[in-house]
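Student: need a structure here:
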Amino acid sequence: MKFLRRVAAKLALVLVALYLGASAGLYWVMRQPPESFGRVMRHVPTVALILLPFKRLWLHARAGNLKVGDAAPDFTLHSSDKKELVQLSYFRGEKPVVLVFGSYT
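Tutor: Numbers count the residues shown, from 1 in each chain. The predicted structure is shown next:
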């Protein structure tokens, strides 16, 4: 009986270590640029996303540090027709800018 308790305790410790290690690894990947994040996440099995605290890690890892009223950081994107690059700072003080990610239909 004592032997089984020790084995169960060691197994629990290993499982907790694996869980914490996988969570830390996932958090680290979430802090990487989107291209790197996507390359890693396409190999992560769905069951891992169910077992690990994905949403909580994501909200913390990608929270940023902008406050209400702060100017948006400058960035450059391709236009929707991919023919030119558009930089946010080009529009600053000229007109409002709205970014739409995904479908709006």
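
Student: for residue 13, what are its contacts?
Tutor: Contact partners of residue 13, counting by CB atoms under 8 Å, 6 or more residues apart in numbering, are absent. Where C-beta positions appear, they are placed from N, C-alpha and C, glycine not excepted.

Student: Look up which helix or strand it falls in, please.
Tutor: Here residue 13, judged by DSSP states H and E, is contained in helix 2-30.

Student: Ok, residue 77 next?
Tutor: Assigned by DSSP H and E, residue 77 falls in strand 76-78.

Student: From the chain's centroid, how far away is the helix or strand just after that strand?
Tutor: Sequence-wise, the next helix or strand downstream of strand 76-78 (DSSP H and E) is strand 85-87. Here strand 85-87 is found 24 Å from its chain centre; the criterion is CA atoms, centre = their mean, to the nearest Å.

Student: and if you look at stretch 96-105?
Tutor: Here the centre of stretch 96-105 is set off from its chain's centre by 20 Å, with CA atoms, centre = their mean.

Student: please begin residue numbering at 687 from this point
Tutor: From this message on, residue numbering opens at 687, which makes the last subject stretch 782-791.

Student: hmm, who's touching that stretch?
Tutor: 774, 777.

Student: Enumerate the positions of that stretch that are buried.
Tutor: Residues of stretch 782-791 include none that count as buried (16 or more other CB atoms under 10 Å).
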